[in-house]
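Q: Have a look at this prediction, sequence included:
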Amino acid sequence: MSRIGKKAVTVPAGVEVTIDEKNFVTVKGPKGTLTQQCSSMIKIEKQGDTLVFTENSDSREVGAQHGLTRTLVNNMVVGVTTGFEKKLQMIGVGYKAEKKGKDLVMQLGYSHPVIMTDPEGITTEVTSPTEITVKGADKALVGNYAANIRKWRQPEPYKGKGIRYVGEVVLRKEGKTGK
């Protein structure tokens, strides 16, 4: 059995969880609604204000799905209550960002500004000209959108310029030396 899968997920007040007969889980809360099709190898039961996950057999694959299913449902519950966020910082001369409606406009050293429109369910905030915060209820969407922003200028190892996550360590390399 999975150690993570054994733990029950507590459903806080104000959050409604519905489970279909085909393991289609819907979680509604103050930050929105999330849905997920879970594996049929795992049985999900609602017992009061907790969700319990049990395996249908003892195979290795079912054990892997056990922990995964529990984590996905837990992330849905956390997402609709508190939400997720990723912070990015821009390091480089002239690198800056600004918000125009639903568009994130970034100056990244190209001859043109980079414009990214926020997808549905995701909001971006520019806390300072060099800091971007990506927020949303779906953990996977928040991570993917932050990665797409970072992809425009990944941190380079010589000067450290680029877009990086707050707290990310970029290993620096020594440049060329003269004779």
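A: Cool, got the structure.

Q: Return the distance of stretch 19-34 from the chain's centre.
A: Mean-position distance between stretch 19-34 and its chain equals 18 Å (CA atoms, centre = their mean, to the nearest Å).

Q: Pull out the buried residues from stretch 140-147.
A: Neighbour counts over stretch 140-147 (16 or more other CB atoms under 10 Å) mark 141, 142, 145, 146 as buried. Yep, even glycine has a C-beta here, placed from its N, CA and C like the rest.

Q: Let me see the contact set for the residue lying closest to residue 28 once chain neighbours are set aside.
A: Using CB to CB, 6 or more residues apart in numbering and skipping residues adjacent in sequence, the residue nearest residue 28 is residue 16, 4.5 Å away. Listed by CB atoms under 8 Å, 6 or more residues apart in numbering, the contact set of residue 16 reads 27, 28, 29.

Q: At which residues are the helices of this protein located?
A: For the chain, helices defined by DSSP state H occupy the ranges 3-6, 60-81, 139-151.

Q: least reliable of those going by mean pLDDT?
A: Of all the helices of the chain, the minimum mean pLDDT falls on helix 3-6 (a mean of 83).

Q: ok, residues contacting that one?
A: 42, 53, 55, 63, 66, 67, 69, 70, 71.

Q: Now distance to residue 35 too, for those residues, in TSV please.
A: TSV is the format used below for the contacts of helix 3-6 (distance: CB to CB, whole Å):
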residue	distance to residue 35
42	16
53	17
55	23
63	25
66	20
67	20
69	14
70	17
71	16
